[in-house]
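*Asks:* Need coordinates for the below:
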Amino acid sequence: MTTAWRTDSWQRYRAQQQPDYRDQAHLAAVLRQITQHPTLVTFAEVMRLREQLRQVFMGQAFILQGGDCAERFADCTPQKVSTRLQLMQQMAALIRTPANIKVLHIARMAGQYAKPRTHAFETIAGQRMHTFRGDNINSFTPEPQQREPNPQRLEQGYRCAATTLKHLRNLWSPTHGDFFTAHEGLLLAYEQALTTAAERHWYNHGAHLLWIGNRTAQAEQAHVEYLRGISNAIGVKIGPTADPQEIVAIVRILNPDNACNRVVLIARFGCEKVQALLPRFIMAMQQAALNVIWTVDPMHGNTFYTAHDVKTRHLHHVAAEIQHSFALHRRYGSRLGGVHLELSDDNITECLGGQDNLQTSDLSRAYHTACDPRLNRNQSLEIAKLVGELLAVPGD
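*Replies:* Numbering: from 1, shown residues only. Modelled structure (predicted):
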């Protein structure tokens, strides 16, 4: 990737996990329309996050990144945004108080409308249809016509993101510090439409931070090519199948100046694999002398199916991966700088365990996720309390 970067240079590379739109002319028209819309976040806000990530790198702040697995258009209401915000603030207080550390709020909100999926199609009630890939792409309704990728949903996604950000700005109190948003930079044509120039820099105005998913983290492919050219902070998910040297190559491409506030590595190995795998990546970064911020996603590596084929997670496994991650970073002279959670402010029953001792028989009571199982309010607060206690342990 030595050629000059352009907002569309990613098109020269292989792009995985992109929708198969039947009407390319309709897609092009929608994208042109989006390029004419006002920016969602400002360049000054993007750079303010970068400055605060410098504090995380120095151990003076901790990232709380959380929100819905697959954000829904229907949830961009003042009430829903308010309750999500309140939960994040409560979690931040549980982390901040025992650890006496600044908490940086980065929400999976105002744009997390697209999801990578393992399978492009699924069969429901005997009908083969596209897998639901997020409201930006198709409908959750299990009907073949509704599941067809629809370009017009990108326009709706922009408008829902704008509405959510408006609610956030109206509700957020400056006494809590800054509040930032993030989503996976998955749909490259849409992200290109959200790319604009300011102060001699290109940046994505759809979110303050974008991340590359585990499925699209390849050094010589389109997602890395697009993200290397924007000034936003960039997250990189690292799963069990990742190769340490591939991640080293990606970090070098994304961060050629080796800035300490550019790349956030989000480890998602699972509680059973983290002790064997995480040290390899920590040491690879150290040996390459690369400046990165480490966080843990204790959700994705801990997903399993019940005997009745219900996808779930157990709070004990989530907690265990967080505990192991803190211990491993300390053992190897590194620092865990944040936690990345999929959660809901509702009293859902999608993950097992917790103070309510949810069992498999409870899952059907309030299982509402459009994609992966999320922590409910009580479970989220339990995890925040645990993080605060672990951060308060001397020696970090």
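
*Asks:* for the chain, what spans make up the helices?
*Replies:* 24-35, 43-57, 78-99, 152-171, 188-193, 222-227, 244-254, 274-287, 315-331, 377-391 (DSSP state H).

*Asks:* Kindly provide the whole-number mean pLDDT of the last one.
*Replies:* Mean pLDDT, helix 377-391: 98.

*Asks:* Show me what that helix packs onto, helices and strands only.
*Replies:* Under the contact criterion of 3 or more C-beta pairs under 8 Å, 6 or more residues apart in numbering; DSSP states H and E, helix 377-391 touches strand 61-67, helix 78-99, helix 315-331, strand 336-342. C-beta here means a position set from N, CA and C on the backbone, and glycine is covered the same way.

*Asks:* wait, which of these is closest to residue 122?
*Replies:* Checking the helices and strands packed on helix 377-391 against residue 122 by C-beta to C-beta gives strand 336-342 as the closest, at 20.6 Å.

*Asks:* Name every strand pairing with that closest one and say which way it goes.
*Replies:* strand 61-67 (parallel), strand 293-296 (parallel) (DSSP bridges).

*Asks:* Using PDB, write out the CA atom coordinates for it.
*Replies:* Output in PDB follows, covering the C-alpha atoms of strand 336-342 (Å, rounded to 0.1, in the frame of the first residue of the first chain):
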ATOM      1  CA  LEU A 336      -5.200  -2.600  29.400                       C
ATOM      2  CA  GLY A 337      -6.700   0.700  28.500                       C
ATOM      3  CA  GLY A 338     -10.400  -0.100  28.000                       C
ATOM      4  CA  VAL A 339     -13.300  -2.500  27.700                       C
ATOM      5  CA  HIS A 340     -15.600  -3.000  24.700                       C
ATOM      6  CA  LEU A 341     -19.100  -4.300  25.500                       C
ATOM      7  CA  GLU A 342     -22.300  -5.200  23.800                       C
END
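
*Asks:* got the angle for it vs helix 315-331?
*Replies:* With axes from the mean of the first three to the mean of the last three C-alpha atoms, to 10 degrees as the basis, strand 336-342 and helix 315-331 are set at 160 degrees to each other.

*Asks:* Give me the angle between strand 336-342 and helix 43-57.
*Replies:* Interaxial angle of strand 336-342 relative to helix 43-57 (the same axes, to 10 degrees): 120 degrees.

*Asks:* what comes up buried for stretch 44-59?
*Replies:* Buried residues in stretch 44-59, defined by neighbour count with 16 or more other C-beta atoms under 10 Å: 45-47, 49-50, 52-57.

*Asks:* Stretch 118-129 now?
*Replies:* So stretch 118-129, judged by 16+ other C-beta under 10 Å, has buried residues residue 129.

*Asks:* again with stretch 276-293
*Replies:* 277-279, 281-282, 284-285, 288, 290, 292-293.

*Asks:* again, but for stretch 172-183
*Replies:* Buried positions in stretch 172-183, judged by neighbour count with 16+ other C-beta under 10 Å: 172, 177, 179-183.

*Asks:* Let me see the contact set for residue 375.
*Replies:* 299, 315, 318, 341-344, 350-351, 383 (C-beta atoms under 8 Å, 6 or more residues apart in numbering).

*Asks:* Tell me the bridge partners for it.
*Replies:* Beta-bridge partners, per DSSP bridges, of residue 375: residue 343.

*Asks:* circling back to that earlier point, among the strands paired with strand 336-342, which comes closest to residue 303?
*Replies:* Among the strands paired with strand 336-342, strand 293-296 comes nearest to residue 303, with 15.1 Å by C-beta to C-beta.

*Asks:* Output that closest one as CSV, restricted to C-alpha atoms.
*Replies:* C-alpha atoms of strand 293-296 as CSV (Å, rounded to 0.1, in the frame of the first residue of the first chain):
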residue,chain,number,x,y,z
ILE,A,293,-3.8,1.2,23.0
TRP,A,294,-5.1,-2.1,24.2
THR,A,295,-8.7,-2.9,25.1
VAL,A,296,-10.7,-6.1,25.6
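
*Asks:* roughly how far is it from the heart of the chain?
*Replies:* 12 Å (C-alpha atoms, centre = their mean, to the nearest Å).

*Asks:* Mind listing residues that contact that strand?
*Replies:* Under the contact criterion C-beta under 8 Å, 6+ apart, strand 293-296 has outside partners 53, 56-57, 63, 65, 235, 260-261, 263-268, 282, 321-322, 325, 329, 334-340.

*Asks:* show me what contacts the closest residue to residue 351 other than its chain neighbours?
*Replies:* Nearest residue to residue 351, sequence neighbours excluded (C-beta to C-beta, 6 or more residues apart in numbering): residue 313, at 4.6 Å. Shown in contact with residue 313 (C-beta under 8 Å, 6+ apart): 299, 302-304, 350-352, 373.

*Asks:* again with residue 255
*Replies:* Residues in contact with residue 255 (C-beta under 8 Å, 6+ apart) are 262-263, 290-292.

*Asks:* Next, check those against the strands and list the overlap.
*Replies:* Using DSSP state E, the members of those that fall in strands are residue 263.

*Asks:* just curious, which of the contacts of residue 255 is nearest to residue 197?
*Replies:* So of those, ranked by how close each gets to residue 197 (C-beta to C-beta), first place is residue 262, at 18.7 Å.
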